[in-house]
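S.K.: Based on what follows, work out the 3D shape:
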Amino acid sequence: MSSAPPQRQPEDGHTFARVIQFMISKAASGSIKELDGLCNIAQHWRPEQLLLLLPVFYHHLDPARIPDVVTSRDVRSIMLARYSLKGVLVTLNRVNNRKESTQAIQTIADNLISNWHRCHLWVNFFYRHFFASSNPARLPGLLITRSEALKLVVNMLMRMSLIGDSQTPQSLINTPSLHPIISQLWCMAVTSKDNDFLTEADKVMGSKEQGAFQEHMSYVVQACLDVDQPSFVSTLIHVAGGIRAMASVVFKYIRNIRCLYRKKVLSGQSIDDTTSCDSVFGVPRWQTMLINCFGNCANLLFVTSQQNCALREAYIDRNLVAIVIYTLRDLCQLSLTLKHDDFAKHVKKAFEDALGYIALLMGGPVDDLVAVICQALRARFLPTILQAHTCIPGADTAECLNALLITALRSYLTYDKVLRIAGSELEADEKSLDAIAQRDTDLLQAWNLFKKDVRRFLDLRSQIPAASIFFDRQCAAVH
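M.R.: The predicted model follows:
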């Protein structure tokens, strides 16, 4: 009987440490091979171990080495910067791990912020020379494809969007040189008709799902939105091609989300069809992507409508109020199947962001507020907001907002168009809507008062001739 082959003994810890120190020394001296090797090894390290590699990963990102015109003399510096950014991304992959929250992870995040002035200039360079350029440099040893440049740029933007904010001097919103790049990539993700490019871009983002590129860029754009800092939105409007073009891009953005929903639902995909490898919180990847994209879009509408009144009106003209509500109804149906508490807060946030946009229009200086109310009611706004608590676990805040919205609608029942649509809603669905409203006290009270006013005004209009004149004049006054 032959003896079993001897098992390989693990390397001595001191030997391994010497090898790593040797690789760090060689990488710091300009060895592309050793720098790439450290990137591969680092993928399996704990955050505490990664701290050892941070100095070498940032060492070769000196902005002074960025060439205006790429020549053969620049190849080594460019490739070192490429692998340095790859190493930085490897360390940042641990920052947003919910299961890990240590001082080491905070140090990794702080290092990106403190070195952002170096990183963002190289991100800009890789975008301009290897992705956006129609004639990128082709030199021996310069091994960077258009797809690799896109992956590097978007992932760096995405990681920074999760770390920095408007209060951080080193952040996306406070890096205006990147605003045109972010705007171009977002418009491209939303409006491109090149299916081959979009398929490749989704794959580059590490997902098999359609729309992954759009999802990544929606997070990056969201990180650049601040009501008190309109400079990014000005750039976004300029890159899109003006106010009307910007409204069209946002319309296409929401339509893409609805198309994904219809495609998946009509194909019969459900939560039970998903394996652990393509799910988040036990929820199919496409569902998390759809809901997160919609929440980011609602926030975009909310912020930009406050910053630019012409854009706010362009959104209304493109029927975006109705489109938002239609998509909200889709989410209501989808969220009925989501019983995962970890993901419920994402659904809730998307719902509240959308309701916040509608509430902004109802309470703000809109040119034709009655038209907005009618657009919302025709899109079945009443059934949608009443269903909030059945769709989202623990939606107390949303229920409060829903009750306030229903109360606000009452003040517009003196307008003929609003009254007619509200009366039709009651006639068609009153019993089913009553059943939903009864599950929350505040919502039920607001709903009963709304119904009472609808009936009172309808009776007044039909029984008293002078009332008909009043309602007609109210309607004419805003048209």
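S.K.: doesn't L419 make contact with R461?
M.R.: Yes: here R461 lies in contact with L419, judged by C-beta atoms under 8 Å, at a distance of 7.1 Å. For the C-beta atoms, the positions are set from N, CA and C on the backbone; glycine is no exception.
S.K.: Go ahead and name everything in contact with stretch 127-137.
M.R.: 70, 144-146, 148-150, 153, 181, 184 (C-beta atoms under 8 Å, 6 or more residues apart in numbering).
S.K.: give me that answer again for 7 Å
M.R.: The contact list for stretch 127-137 (C-beta atoms under 7 Å, 6 or more residues apart in numbering) reads 70, 144, 146, 149-150, 153, 181.
S.K.: Show me the helices in the stretch 201-350 of the chain, by range?
M.R.: Taking DSSP state H, counting those that start in this stretch to define them, one finds helices in the stretch 201-350 of the chain at 212-223, 231-240, 243-266, 285-307, 309-317, 320-335, 341-363.
S.K.: got a winner among the contacts of stretch 127-137 for most neighbours?
M.R.: V153 (25 neighbours; other C-beta atoms under 10 Å).
S.K.: wait, what's in contact with that residue?
M.R.: 123, 126-127, 131 are the contacts of V153 under C-beta under 7 Å, 6+ apart.
S.K.: do the same with D453
M.R.: Contacts of D453 (C-beta under 7 Å, 6+ apart): 410, 413.
S.K.: any idea how far it lies from S411?
M.R.: Shown here: D453 relative to S411, a distance of 9 Å by C-beta to C-beta, to the nearest Å.
S.K.: ok, back up a step: mind listing which of the contacts of stretch 127-137 are in helices?
M.R.: 146, 149-150, 153, 181 (DSSP state H).
S.K.: Looking at those, which is nearest I237?
M.R.: I181 (15.6 Å; C-beta to C-beta).
S.K.: Let me see the confidence value for that closest one.
M.R.: Here the pLDDT value assigned to I181 is 97.
S.K.: Low-confidence bits of the stretch 101-250 of the chain, can you list those?
M.R.: Along the stretch 101-250 of the chain, segments meeting pLDDT under 70 span 101, 164-167.
S.K.: Next, format the helices of the stretch 201-350 of the chain as CSV and append distance to I32 and mean neighbour count.
M.R.: Listed next are these as CSV, based on distance: least, C-beta to C-beta, whole Å; neighbours: other C-beta atoms under 10 Å:
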stretch, distance to I32, mean neighbour count
helix 212-223, 28, 23
helix 231-240, 35, 20
helix 243-266, 39, 18
helix 285-307, 35, 22
helix 309-317, 47, 19
helix 320-335, 47, 21
helix 341-363, 41, 20
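S.K.: Mean pLDDT lowest where, among those?
M.R.: Looking at the helices of the stretch 201-350 of the chain, the bottom one is helix 341-363 with a mean of 82.
S.K.: Report the angle between that helix and helix 285-307.
M.R.: For helix 341-363 against helix 285-307, the angle by axes from the mean of the first three to the mean of the last three C-alpha atoms, to 10 degrees is 30 degrees.
S.K.: Helix 341-363 packs against which elements?
M.R.: Where contact means 3 or more C-beta pairs under 7 Å, 6 or more residues apart in numbering; DSSP states H and E, helix 341-363 is packed against helix 285-307, helix 320-335, helix 396-410.
S.K.: Who are the packing partners of the second one?
M.R.: The helices and strands touching helix 320-335, judged by 3+ C-beta pairs under 7 Å, 6+ apart, are helix 243-266, helix 285-307, helix 341-363, helix 369-378, helix 381-386.
S.K.: Does anything pack onto the first one? Which helices or strands?
M.R.: To tie it back to what came earlier, the one meant is helix 243-266. Going by 3+ C-beta pairs under 7 Å, 6+ apart, helix 243-266 lies up against helix 179-191, helix 231-240, helix 285-307, helix 309-317, helix 320-335.
S.K.: would you turn the ones you listed into a markdown table with distance to A376?
M.R.: Listed next are the helices and strands packed on helix 243-266 as a markdown table, based on distance: least, C-beta to C-beta, whole Å:
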| stretch | distance to A376 |
| --- | --- |
| helix 179-191 | 24 |
| helix 231-240 | 24 |
| helix 285-307 | 14 |
| helix 309-317 | 10 |
| helix 320-335 | 5 |
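S.K.: Switch the helices and strands packed on helix 320-335 over to TSV; also include distance to P176.
M.R.: Listed next are the helices and strands packed on helix 320-335 as TSV, based on distance: least, C-beta to C-beta, whole Å:
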stretch	distance to P176
helix 243-266	18
helix 285-307	16
helix 341-363	26
helix 369-378	33
helix 381-386	38
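S.K.: Out of the ones you listed, flag the one nearest T235.
M.R.: helix 243-266 (10.9 Å).
S.K.: Look at A476 and report its pLDDT.
M.R.: For A476, the predicted pLDDT is 54.
S.K.: who touches F126 in this structure?
M.R.: By C-beta under 7 Å, 6+ apart, the neighbours of F126 are 149, 152-153.
S.K.: Out of the residues you listed, which comes closest to L405?
M.R.: V153 (40.4 Å).
S.K.: Identify the residue nearest that closest one in space, chain neighbours excluded?
M.R.: Setting aside the residues directly before and after it, V153 is nearest to Y127 in space (C-beta to C-beta, 6 or more residues apart in numbering), at 4.9 Å.
S.K.: Number of residues surrounding the one you found?
M.R.: Neighbours of Y127 using other C-beta under 10 Å come to 24.
S.K.: Would you mark the buried spots in the helix or strand hosting L444?
M.R.: Following DSSP states H and E, the helix or strand that holds L444 is helix 441-463. Of all the residues in helix 441-463, those buried under the rule 16 or more other C-beta atoms under 10 Å are 442-444, 446-447, 450-451, 453-454, 457-458, 460-461.
S.K.: what's the lowest-pLDDT member of those residues?
M.R.: Among the buried residues of helix 441-463, R461 has the weakest pLDDT, 77.
S.K.: hmm, who's touching the one helix or strand I41 maps to?
M.R.: Applying DSSP H and E as the criterion places I41 in helix 32-42. With C-beta under 7 Å, 6+ apart as the test, helix 32-42 has contacts from 23-24, 26-27, 50, 53, 56, 79-80, 83-84, 86-87, 90-91.
S.K.: From those residues, which land in helices?
M.R.: Checking the contacts of helix 32-42 against DSSP H, those in helices are 23-24, 26-27, 50, 56, 79-80, 83-84, 86-87, 90-91.
S.K.: got the CA positions of the helix holding L444 in CSV?
M.R.: Extracted as CSV, the C-alpha positions of helix 441-463 are listed here (Å, rounded to 0.1, in the frame of the first residue of the first chain):
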residue,chain,number,x,y,z
THR,A,441,-55.0,56.1,11.9
ASP,A,442,-53.5,59.4,10.5
LEU,A,443,-53.9,58.1,7.0
LEU,A,444,-57.5,57.1,7.6
GLN,A,445,-58.4,60.5,9.1
ALA,A,446,-56.8,62.4,6.1
TRP,A,447,-58.5,60.0,3.7
ASN,A,448,-62.0,60.4,5.3
LEU,A,449,-61.7,64.2,5.3
PHE,A,450,-60.6,64.1,1.6
LYS,A,451,-63.6,62.0,0.7
LYS,A,452,-66.0,64.2,2.6
ASP,A,453,-64.7,67.3,0.8
VAL,A,454,-65.0,65.6,-2.6
ARG,A,455,-68.6,64.7,-2.0
ARG,A,456,-69.4,68.1,-0.5
PHE,A,457,-68.0,70.0,-3.4
LEU,A,458,-69.6,67.7,-6.0
ASP,A,459,-73.0,68.2,-4.3
LEU,A,460,-72.4,71.9,-4.2
ARG,A,461,-71.5,72.1,-7.8
SER,A,462,-74.5,70.1,-9.0
GLN,A,463,-77.2,71.7,-6.7
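S.K.: Understood, closing this out.
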